[in-house]
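> Need coordinates for the below:
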Amino acid sequence: MEAIKKEITFKKLIEVHDAIVYMNYQKKNRLSLSIWQLGEYMKYPFEQYNKKVLLLNQKLCSTDKDGNFYLDENGNPLYTKFSREKALEREVEYKKLKDETVEMEVKYCQDFNVIKELELTFLQVFNGFLFDVTQDQIEKWHMGEEPAKGEVSKARK
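Numbering: from 1, shown residues only. Predicted coordinates:
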């Protein structure tokens, strides 16, 4: 299957990434290959997110009386020191940032025999990014019912 482009919020990007890390899927099959590939596709959007977080921190962090960044013991700038008011402003801006969208590629795993064995949480988090199935199909898999033909959806646009 060919890769398609999808829009994803930074919040969802983090959620999917955390699920991949938490899951720690070790089996060698099509699903593990798709998980690895999704991780590769996520690298560029994460770079964009990290750059935006860095700029936000640089904009709002505390500086000395000359407007220079505070430095750590190795001479590196500290972008993590904030006044109380700037810390509150950072939280507001950070929440806005997480709602921003970014485009990324996805390539769906088509091995539904393996996918249907995933825990419900992972089915929900990865749906639309690692595979694409209907909510009805997820419910049937969760209840142990076999899929009816044609119930697995085609790639979402």
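> Could you report the pLDDT at L38?
We note a pLDDT of 94 for L38 in this prediction.
> what does L31 give?
89.
> Likewise for V152?
52.
> So for stretch 124-137, mean pLDDT?
92.
> can you pull out the strands in this structure?
4-9, 101-106 (DSSP state E).
> Of all those, which one is nearest Q26?
Closest to Q26 of the strands of the chain, according to CB to CB: strand 101-106, at 22.0 Å. For glycine as for every other residue, the C-beta is placed from the backbone atoms N, C-alpha and C.
> Just give the closest residue to S62, not the sequence neighbours.
Distance criterion CB to CB, 6 or more residues apart in numbering; nearest residue to S62, sequence neighbours excluded, is K81 at 4.6 Å.
> Quick check: the one you found touching L60?
No - in this structure, K81 is not within contact of L60 by CB atoms under 8 Å, at 10.2 Å.
> Pick out whichever of those two has more residues nearby.
Using other CB atoms under 10 Å as the criterion, K81 and L60 rank with L60 on top: 18 against 15.
> For K116, see how far away the residue nearest to S62 is.
49 Å (CB to CB, to the nearest Å).
> go on, C109?
11 Å.
> sorry, back to before: dump the strands of the chain to CSV, plus mean neighbour count, mean pLDDT and distance to E91.
Shown next, in CSV, are those (neighbours: other CB atoms under 10 Å; pLDDT from 0 to 100; distance: least, CB to CB, whole Å):
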stretch, mean neighbour count, mean pLDDT, distance to E91
strand 4-9, 14, 94, 17
strand 101-106, 18, 94, 20
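> want to throw the ones you listed into JSON lines with distance to D18?
JSON lines is the format used below for those (distance: least, CB to CB, whole Å):
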{"stretch": "strand 4-9", "distance to D18": "14"}
{"stretch": "strand 101-106", "distance to D18": "16"}
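> The lengthiest helix in the chain - contacts with which helices or strands?
Ranked by number of residues, the top helix in the chain under DSSP state H is helix 30-60. Under the contact definition 3 or more CB pairs under 8 Å, 6 or more residues apart in numbering; DSSP states H and E, helix 30-60 sits against helix 10-23, helix 84-99, strand 101-106, helix 112-115.
> Let's have those in CSV, adding distance to G67.
As requested, the helices and strands packed on helix 30-60 are arranged in CSV below (distance: least, CB to CB, whole Å):
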stretch, distance to G67
helix 10-23, 29
helix 84-99, 14
strand 101-106, 32
helix 112-115, 54
